[in-house]
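> One predicted model, sequence on top.
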Amino acid sequence: MLQNQGGIMVILSSPSGVGKTTLVKLLSKNRNFFISISHTTRKPRQNEIRSKDYHFVSDEEFKRLINNGEFLEYAKVFNNFYGTTRSPVIQNLEDGKNVIFDIDWQGADQIKNKKLNYKLITFFLLPPSKEVLFERLSNRDMKDKLIADQRMKEFDRDVIHWINYDYVVVNDDLNECYSKIEKLIDAEINNGSKDYDKDFIKNHIEKLTS
Ligand code: ADP
Ligand code: 5GP
């Protein structure tokens, strides 16, 4: 497809708690990516800042945005609605800025199907193991074991969507994972050679799902 001179779009998806938000923030800081700030009907976590982490809105406001056609994509995830409004994304891409999204597989599918005129690279992140994932979820969600349990239950349903992504990366050591993603993005932009071991990923998925 012919692409214009605007920025590129990078999507990070993963089962909850693998590390998307952490990696998105690193890419924004180190590579000046514009983070697409989603709207959600979920309640803020203790450390979350309004309009920085999410635009936290009511069900009514979310419905209004749907009816106004303002979303590039939206989906229901864990009983809450999440969506990406179109105009800030397109404005930044048109200004030549790269835009990064932390969205689920449903949103990634919708953006892919839109076939926008900007380069799109999609990443699916995996944990090193289910035990490590549970630990990360429990720590993040203020030791709320119930939330961690609920999100672990979704893991098997979420993980099968890895197949629809350009790259799958394991987030074990954070710096290593970041560096892999950064190198793959650079290789995509410059048409360079890609250090990507598909067999390792297939084996890892087998281990996680067996
Ligand atoms: P997600 O956005 O995918 O739900 P987060 O970025 O919120 O996940 O990460 C979940 C928790 O795991 C956070 O407390 C974060 O600090 C921690 N974390 C993320 N990546 C790593 C890593 N590589 N090693 C250890 N802890 C990590
Ligand atoms: P959390 O509640 O942990 O912040 O996010 C829950 C899930 O919703 C994650 O998988 C995250 O990627 C996804 N998500 C966040 N924002 C959006 C969005 O705008 N659209 C879609 N489709 N998913 C989102």
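On my side now, so go ahead. Ligands and ions are numbered 1, 2, ... in the order given.
> list the buried ones in the longest helix along the chain?
Criterion DSSP state H: the longest helix present in the chain is helix 174-190. Buried residues in helix 174-190, counting neighbours by 16 or more other C-beta atoms under 10 Å, are found at 177-178, 180-181, 184-185, 188. The C-beta positions use only the backbone N, C-alpha and C, and glycine is treated the same way.
> buried stuff in the one helix or strand in the chain whose mean pLDDT sits lowest?
One helix or strand of the chain scores below all others by mean pLDDT, DSSP states H and E: helix 145-159, with a mean of 87. Neighbour counts over helix 145-159 (16+ other C-beta under 10 Å) mark 147-148, 151-152, 155, 158-159 as buried.
> cool, and stretch 189-206?
201, 204-205.
> if we can go back for a sec, check which element follows the least confident helix or strand of the chain along the chain.
The helix or strand immediately downstream of helix 145-159 is strand 167-170, counting by DSSP states H and E.
> Surely Thr22 and Leu174 touch.
Yes: counting by C-beta atoms under 8 Å, Thr22 sits close enough to Leu174 to count as a contact (6.8 Å).
> For Asp102, give me phi and psi.
When read as degrees, to the nearest 10, the backbone of Asp102 gives phi -110, psi 90.
> Among the buried residues of helix 145-159, which one sits closest to ligand 1?
Closest approach between the buried residues of helix 145-159 and ligand 1, by C-beta to the nearest ligand atom: Arg151, at 8.2 Å.
> Not counting its neighbours along the chain, what's nearest that closest one?
Leaving aside its sequence neighbours, Arg151 sits nearest to Ser16 (C-beta to C-beta, 6 or more residues apart in numbering; 4.3 Å).
> that older thread, ligand 2 next: which of the buried residues of helix 145-159 are close?
Applying C-beta under 6 Å from any ligand atom, the subset of the buried residues of helix 145-159 adjacent to ligand 2 is empty.
> so can I have a markdown table of these showing distance to ligand 1?
Below are the buried residues of helix 145-159 laid out as a markdown table (distance: C-beta to the nearest ligand atom, whole Å):
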| residue | distance to ligand 1 |
| --- | --- |
| Ile147 | 11 |
| Ala148 | 10 |
| Arg151 | 8 |
| Met152 | 12 |
| Phe155 | 12 |
| Asp158 | 10 |
| Val159 | 13 |
